[in-house]
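K.L.:
Dropping a prediction and its sequence here:
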Amino acid sequence: MNLIQHPELLDKLAAAHALGTLRGGARRRFEAMAREQAPVRAAALVWQSRVASMNELQTAQQPAPAVWTRIENLVQGESQQQAMAAARAQAVKPQPTGWLRSLALWRGATAAGALATVFALVTAVGLRDNLGTQINELQAQLSATPQIEYVAVLNDDQASASMLVTFDPKNGKLTLQRVGGFQEASDKSLQLWALPPSGGPRSLGVLSQERLLQLTAGEGDVREVPALAISLEPKGGVPSERGPTGPVLFKGALIQKMI
């Protein structure tokens, strides 16, 4: 199946991949397509950035005292059951010899089982108690997600993704996220250019050194623009009419989502 011709399915698969629910052969096939097809790679990066931003906004939470009380009760109950089982085994079987007689070993085994139980219960109880809150927060964040209609993955000369660019025409916002390790010097600036099918490059703005930033733009600035590029310029950038004066570091196709 050509995912590019099924944008809704592509979006769902990219979301599942970012959330970790796409597994096994399906995950491997999706990643193989992402390596070969820029639209699939762009969708995956968009959802990775969404999930990453949700993690950054998530505040740390401490379990309620009742959670710890339940854990202690369950651990004590399990320890008592293990002790009773060990006592019954000792009563019906010949006394063990050698290293099996070490009381420290039995205590260690019991403690290890109790510790594993604590970890499992902390995870399970924490997920159960916070599930409703997390779902509500996730729904609220997704409802506020920008209406992205244009996506570009800008690669370096080694074909490695370096910048993810998305455009929300409703709000007139270009969002750029650095996904590579490049960092310009303090006396240089990165500048974003639209590469129209005719005429010279047009500047869409100068980038700050932040990993995630936004530029203001109109849909006319990107409509029917087949590609974007980023050049390295003197601090503050250069006038649009001059075009890029420094090396073009990143470039890639600008893709409009199919409606």
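P.N.:
In hand now; what should we look at? Residues are numbered from 1 along each chain as shown.
K.L.:
Helices of the stretch 1-150 of the chain, start to end?
P.N.:
7-19, 24-36, 38-57, 65-92, 103-143 (DSSP state H, counting those that start in this stretch).
K.L.:
Lowest mean pLDDT across those helices, which one is that?
P.N.:
Here the lowest mean pLDDT among the helices of the stretch 1-150 of the chain goes to helix 103-143, at a mean of 46.
K.L.:
Report all helices and strands that whichever helix or strand comes after it contacts.
P.N.:
Remark: after helix 103-143, the chain's next helix or strand is strand 150-155, criterion DSSP states H and E. The helices and strands touching strand 150-155, judged by 3 or more Cβ pairs under 8 Å, 6 or more residues apart in numbering; DSSP states H and E, are helix 38-57, strand 161-168, strand 227-234, strand 248-256. Backbone N, C-alpha and C define where each C-beta goes, glycine included.
K.L.:
contacts for strand 150-155?
P.N.:
If you take Cβ atoms under 8 Å, 6 or more residues apart in numbering as the criterion, strand 150-155 is touched by 38-39, 41-43, 45-46, 161-167, 169, 222, 227-230, 250-257.
K.L.:
do that again at 7 Å, thanks
P.N.:
38, 41-42, 45-46, 161-167, 222, 228, 230, 250-257 (Cβ atoms under 7 Å, 6 or more residues apart in numbering).
K.L.:
Drop anything exposed from these.
P.N.:
38, 41-42, 45-46, 161-167, 222, 228, 230, 250-255, 257 (16 or more other Cβ atoms under 10 Å).
K.L.:
Just put the helices and strands packed on strand 150-155 in a markdown table and tack on distance to residue 4.
P.N.:
Output for the helices and strands packed on strand 150-155, formatted as a markdown table (distance: least, Cβ to Cβ, whole Å):
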| stretch | distance to residue 4 |
| --- | --- |
| helix 38-57 | 5 |
| strand 161-168 | 17 |
| strand 227-234 | 17 |
| strand 248-256 | 9 |
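K.L.:
mind checking which of the ones you listed is nearest residue 192?
P.N.:
strand 227-234 (5.6 Å; Cβ to Cβ).
K.L.:
list the buried ones in that closest one?
P.N.:
Buried residues in strand 227-234 (16+ other Cβ under 10 Å): 227, 228, 229, 230, 231, 232, 233.
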